[in-house]
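Student: starting from these lines, generate the structure:
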Amino acid sequence: MENSWQVIRRYSDFDMLNNSLQISSLSLPLPPKKLIGNMDREFIAERQKGLQNYLNFITSNHILSNCEVVKKFLDPNNYSANYTEIALQQVSMFFRSDPRYEVVEPLKDIGWRLRKRNFLMRCKNQPKEHLVLSWADLGPDKYLQDKDFQCAIKLLPSLTHPYIYRVTFATASESSALVIRPFNDKGTLKDLIYKAKPKDPFLKKYCNPRKIQGLDLPQIKTFGRQILEVLKFLHDRGFPYGHLHASNVMLEGETCRLMDLENSLLGLPSYYRSYFSQFRKINTLESIDVHCFGHLLYEMTYGRPPDSIPVDQFPPAPSMSVGGPRIFTAGWWCRLIADLQGWVVVQADMVRSSGRGRPWVAEQAGGCGWWRLWLVKTLSGAQPEDLFHVGGPAESGGGQASCACGVSHMLQGGVLDS
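Tutor: Residues are numbered from 1 along each chain as shown. Predicted structure coming up:
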């Protein structure tokens, strides 16, 4: 198979990997040790099968498969560098001629990216103000020329919007960039959902939360609208985001602020790339933002990401204020997303089952917007013709659907009042 290769490792190597992943609190299916008879042919074949199942379990977990120890275990030739040392060298070079800042401590493994490092910083003129520096090298999707790239990075502190997290300093070289922001000890939207401490490692915070609890419906509406507002702001200015997920949404009280806008300029891969790359029709940066917003909406509602995409069945809502312990249908999502905009959706409850056993929506509302039903398609796996089944004579008197695709149509037609 093109997406597989052989890994030659001893059992002790697997044991060391397993110990490194214990911080995730997941029950990992590593075959147990055996001291006597561990050279028998039948036992070796059985253990090899068990170790393969172990690797399959790890690589099927979105968070585990992206962590550094797993990548180095599976592909040591391409992941052998010490990126913390590289980042410190680059940061020292950046500030050699600008001594205003100093490194307090590395924020080890708080993020998921292998080639991105974070450091707690302080400004010498304001020693009580804690800052966080994010350093990353160039990604595979960088599209700007070096001169334009460096200019765009340096302009980030001047980009202001009520729902964009403030950048205090940004600079770039030909191979990397660093950005400094205020450190928020309350953390991100994902920290709120998972009740996590911002400084803890990514695996510990998000892999296996002790309590799964979605947000209240008013919070989902408020945060959802704010995120849609800032996405529209960026798209209207020709800057598709492409990196929306709960860890990139900083929370300040009841206000969401988007951060890591530099990721797009650096050409870094999206957190959900392995998901949306499965769908041929998600082939624009705008549709990627729509897809990622669907993930975020699901996570705010259920307190956890979907197990797989597409979602064949929605679990009971953990928060009673969202609607009680019931299965959410495509119609529920349509009503929620309509509430995010303040639109009145006609007959949004007409949810039926297609021949594939997945939900589809029959709508009579002209101009209901392809983007809104795209989210339902993303989470339910239904096809566009299912979702936009605007009836023939027997169903709805021959109404017609409007297919206005993309983030630019998300907030047209009115928004919720503040």
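
Student: ok, longest strand in this protein?
Tutor: strand 126-137 (DSSP state E).

Student: now the next helix or strand after it: average pLDDT?
Tutor: Counting by DSSP states H and E, the next helix or strand C-terminal to strand 126-137 is helix 146-154. For helix 146-154, mean pLDDT rounds to 93.

Student: can you tell me what sits against helix 146-154?
Tutor: Under the contact criterion C-beta atoms under 8 Å, 6 or more residues apart in numbering, helix 146-154 has outside partners 142, 144, 170, 171, 172, 173, 174, 177, 179, 262, 265. Every C-beta, even on glycine, is put in place using the N, C-alpha and C of the backbone.

Student: buried residues in it?
Tutor: For helix 146-154, the neighbour count (16 or more other C-beta atoms under 10 Å) marks 149, 150, 152, 153 as buried.

Student: what does stretch 191-209 give?
Tutor: 191-194, 196, 198-208.

Student: narrow those to those in strands?
Tutor: Going by DSSP E, the strands hold none of the buried residues of stretch 191-209.

Student: before we move on, the earlier item: ok, so of the buried residues of helix 146-154, who is nearest residue 123?
Tutor: residue 153 (19.4 Å; C-beta to C-beta).

Student: quick check: chain neighbours aside, which residue is closest to the most centrally placed residue in the chain?
Tutor: Most central in the chain under C-alpha atoms, centre = their mean is residue 245, positioned 3.1 Å from the mean C-alpha point. Leaving aside its sequence neighbours, residue 245 sits nearest to residue 271 (C-beta to C-beta, 6 or more residues apart in numbering; 4.6 Å).

Student: count the neighbours of that neighbour for me.
Tutor: Counted by other C-beta atoms under 10 Å, the residues lying close to residue 271 total 23.

Student: buried residues in stretch 231-241?
Tutor: In stretch 231-241, counting by 16+ other C-beta under 10 Å, buried: 231, 232, 233, 234, 235, 239, 240, 241.

Student: for residue 178, which three-state class applies?
Tutor: Per DSSP: H, G, I helix; E, B strand; the rest coil, the secondary structure class of residue 178 is strand.

Student: quick one, strands of the stretch 151-300 of the chain?
Tutor: With DSSP state E, counting those that start in this stretch as the criterion, the stretch 151-300 of the chain has strands at 169-172, 176-182, 249-252, 255-258.

Student: quick one: which of these is nearest residue 60?
Tutor: Across those, residue 60 has its closest neighbour in strand 249-252 (25.8 Å, C-beta to C-beta).

Student: for this protein, just list every one of the helices.
Tutor: 11-20, 41-60, 68-74, 83-94, 146-154, 189-194, 202-206, 217-236, 262-266, 273-276, 285-302, 330-341, 370-380, 384-387 (DSSP state H).

Student: okay if I get these as a markdown table plus distance to residue 121?
Tutor: Converted to a markdown table, these look like this (distance: least, C-beta to C-beta, whole Å):
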| stretch | distance to residue 121 |
| --- | --- |
| helix 11-20 | 28 |
| helix 41-60 | 34 |
| helix 68-74 | 22 |
| helix 83-94 | 9 |
| helix 146-154 | 17 |
| helix 189-194 | 20 |
| helix 202-206 | 20 |
| helix 217-236 | 25 |
| helix 262-266 | 16 |
| helix 273-276 | 29 |
| helix 285-302 | 28 |
| helix 330-341 | 36 |
| helix 370-380 | 38 |
| helix 384-387 | 47 |
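
Student: show me the one of the strands of the stretch 151-300 of the chain that comes nearest residue 284.
Tutor: strand 255-258 (19.2 Å).

Student: for that closest one, packing partners?
Tutor: helix 217-236, strand 249-252 (3 or more C-beta pairs under 8 Å, 6 or more residues apart in numbering; DSSP states H and E).

Student: returning to that earlier point: what is the nearest of the buried residues of stretch 231-241 to residue 137?
Tutor: Once C-beta to C-beta is applied, the member of the buried residues of stretch 231-241 that ends up nearest residue 137 is residue 241, at 20.3 Å.

Student: can you pull the contacts of that closest one?
Tutor: 231, 234, 235, 258, 261, 264, 285, 289.

Student: also residue 179?
Tutor: Here residue 179 is in contact with 133, 134, 153, 156, 167, 169, 170, 262 (C-beta under 8 Å, 6+ apart).

Student: would you tell me which one of those residues comes nearest to residue 58?
Tutor: residue 134 (26.6 Å).

Student: count the neighbours of the closest one for me.
Tutor: 23.

Student: hang on, it packs against residue 116?
Tutor: Yes - applying C-beta atoms under 8 Å, one finds residue 134 in contact with residue 116, separated by 6.4 Å.

Student: with mean pLDDT and distance to residue 41 as new columns, can the strands of the stretch 151-300 of the chain be given to me in JSON lines?
Tutor: JSON lines is the format used below for those (pLDDT from 0 to 100; distance: least, C-beta to C-beta, whole Å):
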{"stretch": "strand 169-172", "mean pLDDT": "93", "distance to residue 41": "57"}
{"stretch": "strand 176-182", "mean pLDDT": "94", "distance to residue 41": "51"}
{"stretch": "strand 249-252", "mean pLDDT": "94", "distance to residue 41": "53"}
{"stretch": "strand 255-258", "mean pLDDT": "95", "distance to residue 41": "57"}
